[in-house]
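K.L.:
dropping the sequence and predicted coords here.
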Amino acid sequence: MKNDEVAAVLYDISRLLELEGEEAYRIRAYRKASQSVESLEGDIDEYYKEGRLRDIPGIGTSIGGVIEELLRTGRSNLLEALKKETPLELYEVIEVPGIGRKTALKVHRALGVTTIGEFRDAARSHRIRRIKGLGDKAEKKILDAIERHRKSLGETRVPIIRATAVASEILGYFKDCEGLLRVDVAGSLRRHVPMVGDIDIVAATDDPQEVVDCFCNMPITRIVKDKGEHHAEITTRYRMDAKLRIVSREDFGLRLALDTGSKAHLSELEKRAAARGDRLSREGFYNAGGEKVKFPEEDGFYRALGLEYVPPDLRENRGEVDAAAKGTLPDLITVEDMRGDLHVHTEWSDGANSIQDMAMAARAKGYEYIAICDHSKSLHVANGLSIERLRDQMVEIDRLNDTLENFTIFKGSEVDIMPDGSLDLPDDVLEDLDIVVGSVHTQLRQDPDVVTRRVLNALENEHLTILAHPTSRILGRREPTAVDIDRVIEAAKENRKVLEVNAYPDRLDLSDEHVKKAMDAGVMVSIDTDAHGIAELDYISFGVHNARRGWATKSRVLNTLSTGALLEYIDRY
DNA sequence: GGCACCGCTGCCGTTTTTTCAGGAAAAAA
């Protein structure tokens, strides 16, 4: 039995335990063990033979026993016993967001339906509303949930942070290949698209076969899907695919540009080449005389088209080709421009570290300041601070500031914007804070005009500094609220408020398109991590790249200002 | 069920509000 088969069994056990309402920690233990086996380097059978199963993290006596049984007999008594109790297909139903375990079981027992398709049919034929404890609204909710889920199933993209981690692991192995001259990541990951499908890699070598073999034999490689003289495609042990394309050193720049895309950007470049009498295609670049031209570097390729170099973040056909022709590309914000983080959490609410830890980590990053913005009282799940605790925190921050040189901790709050648009803290508290970051965390399904009015109310509050994650989207998991972003940007401009570009990799909110709108409208943004621990301060690069995709420049990003200039700005508006 | 750290145990995410239905599930960071 192979690693992924063992992992699959452990996962199935965890699903069945969950369906049966088993203790959460036992479910989690099987799930964790499954992931551990799945991402294991080396063969699980070897571990077994060497008696080292328990060396694998998350595997102890009990799960070790299940694995041993699997490897010896190819089956698991536990799994089979569980399957007798509950059909495994039912788990697919509770994986649909919006349908829980008890509802699924209730419907299953009342109607004998098991699969998602059967649940949908039962809802459509109005059989669910007749079950005691459910009604027409519950029935509609189930139907809507299934239809939303169906759409999301085709979605195989993952958040950029995962793709980045897999890519860097690949490059970690791959860069040491013999004969490798150059290598770079291309594709949507290089453009910093928030959700990434697969990883494209371009390499230059004089010995393609050697490098292709090396790629296919990386420890991270699980399946070789395709292998040719100058290309290969693999599935990694993290289930993400990676594609390699090999060229000569002289062709590296052009290939990198062609494989970076986007399609729409390349199509603009092709038009431009044609207009100049050249020809650009997926195969290469041919000048007016029909000769193939080589470009070892990308910038030479752009120059040949009469263009300024276009940073990968901008290659989405949003006007960048015209701007590059006119020499009016924006001077994009960089990570090095950032002087502080204006939205971080500490252990006072739901963060992992102390105020001092966060401040020290921020200073170590070269920042001048940080704003502690723990949650406000209404957000119970995040251990929001009561007014009294917030007052205590302010005292603590004053005390810490007295000990710090060349670094400032700002007193802040991530204050909830209540469903009616009021803020979760009274004016006399708000006015004692340096930074007030307002967020919508609850009632995310309000109607467009209601939620828009709610956010506009907050923007009209004189104490609010920054509107955090303005649409509250979670990539791949939660749709944005119905807020009218154009009116939000308009109101931010009128009231001199700052809009956040939340750098949390599954938020990235404002989105790149919204950043562009904010830039066009002349609104300031603040790129903040929303870090809940010191490691997450590094999320800043995701935020900066997202802002770059929206054409953000340094002068329009609040937290590129020095401490003095920032205070002056806040004071003035 | 795993694990860390001692003594056979306790910790591992938690708490309140909303929603649909009349108690219970889901959602929020």
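P.N.:
Done, it's in.
K.L.:
for residue A:402, pull up the helix or strand it's in.
P.N.:
Element membership of residue A:402, judged by DSSP states H and E, is helix A:387-403.
K.L.:
mind giving me the packing neighbours of that helix?
P.N.:
helix A:355-364, strand A:408-416, helix A:427-430 (3 or more Cβ pairs under 8 Å, 6 or more residues apart in numbering; DSSP states H and E). Glycine gets a C-beta too; all of them are placed from N, C-alpha and C.
K.L.:
these: which one's closest to DNA strand B?
P.N.:
strand A:408-416 (7.5 Å; Cβ to the nearest atom of the strand).
K.L.:
average pLDDT for that closest one?
P.N.:
Average pLDDT, strand A:408-416: 98.
K.L.:
quick one: contacts for the closest residue to residue A:415 other than its chain neighbours?
P.N.:
In space, and not counting its chain neighbours, residue A:415 is closest to residue A:376: 4.3 Å by Cβ to Cβ, 6 or more residues apart in numbering. The contact partners of residue A:376, by Cβ atoms under 8 Å, 6 or more residues apart in numbering, come to A:384, A:385, A:390, A:413, A:414, A:415, A:416, A:423, A:424, A:425.
K.L.:
now distance to residue A:20 and neighbour count too, for those residues, in JSON lines please.
P.N.:
Formatted as JSON lines, those follow (distance: Cβ to Cβ, whole Å; neighbours: other Cβ atoms under 10 Å):
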{"residue": "A:384", "distance to residue A:20": "35", "neighbour count": "23"}
{"residue": "A:385", "distance to residue A:20": "39", "neighbour count": "22"}
{"residue": "A:390", "distance to residue A:20": "44", "neighbour count": "23"}
{"residue": "A:413", "distance to residue A:20": "43", "neighbour count": "31"}
{"residue": "A:414", "distance to residue A:20": "39", "neighbour count": "30"}
{"residue": "A:415", "distance to residue A:20": "42", "neighbour count": "31"}
{"residue": "A:416", "distance to residue A:20": "37", "neighbour count": "23"}
{"residue": "A:423", "distance to residue A:20": "45", "neighbour count": "21"}
{"residue": "A:424", "distance to residue A:20": "40", "neighbour count": "22"}
{"residue": "A:425", "distance to residue A:20": "44", "neighbour count": "22"}
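K.L.:
can you redo these as JSON lines with distance to DNA strand B?
P.N.:
Below are the contacts of residue A:376 laid out as JSON lines (distance: Cβ to the nearest atom of the strand, whole Å):
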{"residue": "A:384", "distance to DNA strand B": "9"}
{"residue": "A:385", "distance to DNA strand B": "13"}
{"residue": "A:390", "distance to DNA strand B": "16"}
{"residue": "A:413", "distance to DNA strand B": "13"}
{"residue": "A:414", "distance to DNA strand B": "7"}
{"residue": "A:415", "distance to DNA strand B": "12"}
{"residue": "A:416", "distance to DNA strand B": "9"}
{"residue": "A:423", "distance to DNA strand B": "16"}
{"residue": "A:424", "distance to DNA strand B": "12"}
{"residue": "A:425", "distance to DNA strand B": "16"}
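K.L.:
which members of these define the maximum pairwise distance?
P.N.:
Spatial extent of the contacts of residue A:376 (Cβ to Cβ) is set by the pair A:385 and A:423 at 13.8 Å.
K.L.:
what's the burial count for whatever residue of the stretch 201-350 of chain A ends up closest to DNA strand B?
P.N.:
Among the residues of the stretch 201-350 of chain A, residue A:350 lies closest to DNA strand B, at 4.1 Å counting by Cβ to the nearest atom of the strand. A count of neighbours around residue A:350, defined by other Cβ atoms under 10 Å, yields 15.
K.L.:
just list the residues touching it, thanks.
P.N.:
Per Cβ under 8 Å, 6+ apart, neighbours of residue A:350: A:374, A:375, A:381, A:382, A:383, A:532.
K.L.:
was I right about the first one contacting residue A:411?
P.N.:
Think residue A:374. No. Contact criterion Cβ atoms under 8 Å: residue A:374 and residue A:411 do not qualify, at 10.4 Å.
K.L.:
and for those two, which residues touch both?
P.N.:
Shared contacts of residue A:374 and residue A:411, defined by Cβ under 8 Å, 6+ apart, are found at residue A:393.
K.L.:
the two: who's more crowded?
P.N.:
residue A:374 (25 against 20).
K.L.:
residues in contact with the more buried one?
P.N.:
By Cβ under 8 Å, 6+ apart, the contact set of residue A:374 is A:345, A:346, A:348, A:349, A:350, A:351, A:384, A:385, A:390, A:393, A:413, A:414.
K.L.:
can you rerun that using 10 Å?
P.N.:
Residue A:374 makes contact with A:344-351, A:355, A:382-385, A:389-390, A:393, A:412-415, according to Cβ atoms under 10 Å, 6 or more residues apart in numbering.
K.L.:
try residue A:569
P.N.:
Contact analysis of residue A:569 by Cβ under 10 Å, 6+ apart lists A:465, A:496, A:498, A:524, A:558, A:561.
K.L.:
which strand or helix spans it?
P.N.:
Here residue A:569 is assigned to helix A:563-572, by DSSP H and E.
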